[in-house]
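Trainee: Have a look at this prediction, sequence included:
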Amino acid sequence: MRNVGERLTFIKPMEPELVEQPPIGGEWTHEVKFDGYRTQLIKDADGIRLYTKTGIDWTAKYRPLAEEAASLDAESFIIEAETIVTNEAGLKVQCHAGKASWKWQSATSAREPSASLASVP
């Protein structure tokens, strides 16, 4: 258990596993893979940080998404999500990793997030 106000740190995400058939039962959650970038959003007293699945800080590249995440009504959280870039029609556009000049139509891919809460104090 962490102390209140302690800086939250990146948690290595669980890796998906390819199987022939998805498991069944109430304890399983399935989500669609949109071929985006796995992103971990961290909010704590130090602010918002966004990381790639390998722990690289991409807060500057994801600035609009960071601004949206900052408005979420929580003091602290760690959310793992899939980030995609869409065009005006809401369709996913191909982007190359590391490209800082993405045209962000909006940072509201968090509108209907498919995210796993890893830590909510």
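Mentor: Perfect, I can see it now.

Trainee: residues of stretch 66-74 that come out buried?
Mentor: For stretch 66-74, burial by neighbour count (16 or more other C-beta atoms under 10 Å) applies to Ala66, Glu68, Ala69. The C-beta positions use only the backbone N, C-alpha and C, and glycine is treated the same way.

Trainee: Which helix or strand contains Glu82?
Mentor: strand 77-83 (DSSP states H and E).

Trainee: and which of the buried residues of stretch 66-74 is nearest to Pro22?
Mentor: Relative to Pro22, the closest of the buried residues of stretch 66-74 is Ala69; by C-beta to C-beta it sits at 29.3 Å.

Trainee: quick check, that closest one in a helix?
Mentor: Yes - assessed with DSSP: H, G, I helix; E, B strand; the rest coil, Ala69 lies in a helix.

Trainee: Relative to Gln40, how far out is it?
Mentor: 11 Å (C-beta to C-beta, to the nearest Å).

Trainee: Please enumerate the shared neighbours of these two.
Mentor: Common neighbours of Ala69 and Gln40, using C-beta atoms under 8 Å, 6 or more residues apart in numbering, are Leu50, Ile79.

Trainee: The strand holding Glu82: partners in the sheet, and parallel or antiparallel?
Mentor: strand 37-44 (antiparallel), strand 116-119 (antiparallel) (DSSP bridges).

Trainee: Could you tell me the least trusted of those?
Mentor: Lowest mean pLDDT within those: strand 116-119, at a mean of 38.
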